[in-house]
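[1] fold the following, please.
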Amino acid sequence: MIDENKRESFGSRVGFVLAAAGSAVGLGNLWKFPYIAGKNGGAAFLFIYIVIIVCIGVTAMTAEVLIGRMGRLNAADGFEKLGGKRWKPVGLAGILCTFIILSYYSVIGGWIVKYFFMSFTDLLEYAGAGKTGEIFGAFVSNPTEVIFYQGIFMLVTAIVVLFGIKGGIERSCKIMMPMLFVAMLILILRAVTLPGAMAGIEFYLKPDFSKVTSETWLAALGQGFFSLSLGAGAIMIYGSYLPRTENIISSVKQICFIDTAVAFLAGLMIFPAVFAFGAEPAAGPGLTFITVPTLFAKMSGGVVFAVIFFLLFFVAALTSSISLLECSTGYFVDHGMDRKMATLITAVLIFITGIPSACSLSGGLKIGSRDFIDAAGYLTDSIMMPLCSMFCCLFVGWALNRELVKREATNDGKISFGLFDIWMIMVKVIAPAAILVIFFTGLKW
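    Predicted structure coming up:
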């Protein structure tokens, strides 16, 4: 095992916050949150979502960062160091979860790379002719092309991780996260100035409490959990690189704020344009690769905005993917392997594992009624992430010494944490119970 004193670390809290926020900010914030918010009461849903982020999200993320920094190792060895061998499987499951997620996430990242390049050429011509659905269908049905772009996305991800924590991950996130916000603001300015945009803003932000039901709370709970990348080991590995002088509580609040801000701004970016051109509100790949290109084809300067749009999605996907790759890479580095070799081996293995997902939409592999890529997502999102996150909370709340946890959270009493007793109740009981609800709700195949 590598000497902890020689282990890499973030150079600053800003670097950690931006990297961890980049891990949390992913495609779900951009292509899922706006649709769910609009469908579930707009501002009413947003209020519920923020309550859940503050109560459950901050609680669970703080637990993961604490485990990471207390262990100063990858998830598997950190759990073993702090709780003994019986807890190591939880950390191993987290690492395996990030491995599987990146195997199919890199496929979707490849789709974004493809569309970024197409936005410079003939994408809007096809969109203007109403052929975006046909083009997307033909692309994902071509395994050779999908695998090629998957490889490009994995290569870029690996290059960032290869340069280490300060030189690769921290440096790149300090560039990409501000870039992400600038791109969003440009697109929002264009969207809200379109004729008829106000209808979209009303759909998104006008409170409609008649739509608030138990299903709304479940939707907000699930979206809040998954938007923060909890239970996947990525936040924990970043926490292990956080210097002991930094304020964990403040950092976690900032990460959750940035993640929520991106999700909120995504709605202001999408819905005014959707309503301005009379399109149907949608979510997921259908919104990104079919609906939105059609909208750009109808507006002046559409090519420029299409390029910015897919650059934005690429940055969001990349900041998440580098944390996923680092989770597995960090395990091998902690066991003495050279970082370059660890990154190369891990990236290649993940790329190969992702090939069935890349081929699945061409009529390839299925598991039951699901395409392979959907089945892989079900395994991680519905089973592995909730269970890992729940056990992280239980580990901090019940297995670790209370005083040790408080000392870590307050930097040996140097930082105030007045809500520590309430947070302990949340991490022991409330957060695990809420995550268990997410688990059982998502089990439907």
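
[2] what strand or helix carries the residue lying closest to Phe439 once chain neighbours are set aside?
    Ranked by CB to CB, 6 or more residues apart in numbering and with sequence neighbours excluded, the top spatial neighbour of Phe439 is Pro386, at 3.9 Å. All C-beta spots, glycine's among them, are computed from the backbone N, C-alpha and C. Assessed by DSSP states H and E, Pro386 sits inside helix 385-394.

[3] which residue ranges of the stretch 1-150 of the chain form helices?
    In the stretch 1-150 of the chain, the helices defined using DSSP state H, counting those that start in this stretch lie at 13-24, 27-31, 33-39, 43-52, 58-71, 75-83, 88-118, 123-128, 132-140, 143-162.

[4] closest one to Gly224 among these?
    helix 43-52 (4.2 Å; CB to CB).

[5] residue contacts, the residue nearest to Gly363 when sequence neighbours are not counted?
    Nearest residue to Gly363, sequence neighbours excluded (CB to CB, 6+ apart): Ser141, at 7.3 Å. Taking CB atoms under 8 Å, 6 or more residues apart in numbering, we find Ser141 in contact with 361-363.

[6] look up how far Ser119 lies from Ser141.
    For Ser141, the distance to Ser119 (CB to CB, to the nearest Å) stands at 21 Å.

[7] what's the distance between Gly78 and Ala21?
    Distance, Gly78 to Ala21, by CB to CB: 21 Å.

[8] of those two, who's got more company?
    Gly78 (27 against 24; other CB atoms under 10 Å).

[9] does the more buried one touch Leu66 like I think?
    No. In this structure Gly78 lies outside contact range of Leu66 using CB atoms under 8 Å: 10.4 Å.

[10] span of stretch 70-81 from start to end?
    With CA to CA, to the nearest Å as the measure, stretch 70-81 spans 9 Å from end to end.

[11] off-centre distance for that stretch?
    Remark: stretch 70-81 is offset 22 Å from the chain centroid, using CA atoms, centre = their mean, to the nearest Å.

[12] again with stretch 257-267
    Centroid displacement of stretch 257-267 relative to its chain, using CA atoms, centre = their mean, is 12 Å.

[13] next: stretch 312-329.
    8 Å.

[14] export that stretch to PDB, keeping only CA atoms.
    This file holds the C-alpha atoms of stretch 312-329, laid out as PDB (Å, rounded to 0.1, in the frame of the first residue of the first chain):
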ATOM      1  CA  LEU A 312     -21.800  22.200 -22.600                       C
ATOM      2  CA  PHE A 313     -23.000  18.600 -22.600                       C
ATOM      3  CA  PHE A 314     -19.500  17.400 -23.300                       C
ATOM      4  CA  VAL A 315     -18.100  19.300 -20.400                       C
ATOM      5  CA  ALA A 316     -20.800  18.000 -18.100                       C
ATOM      6  CA  ALA A 317     -20.200  14.400 -19.200                       C
ATOM      7  CA  LEU A 318     -16.400  14.700 -18.900                       C
ATOM      8  CA  THR A 319     -16.300  16.200 -15.400                       C
ATOM      9  CA  SER A 320     -18.400  13.300 -14.300                       C
ATOM     10  CA  SER A 321     -16.400  10.700 -16.200                       C
ATOM     11  CA  ILE A 322     -13.000  11.700 -14.800                       C
ATOM     12  CA  SER A 323     -14.300  11.100 -11.300                       C
ATOM     13  CA  LEU A 324     -15.600   7.700 -12.300                       C
ATOM     14  CA  LEU A 325     -12.300   6.700 -13.800                       C
ATOM     15  CA  GLU A 326     -10.300   8.000 -10.900                       C
ATOM     16  CA  CYS A 327     -12.300   5.800  -8.500                       C
ATOM     17  CA  SER A 328     -10.900   2.600 -10.100                       C
ATOM     18  CA  THR A 329      -7.600   4.100 -11.000                       C
END
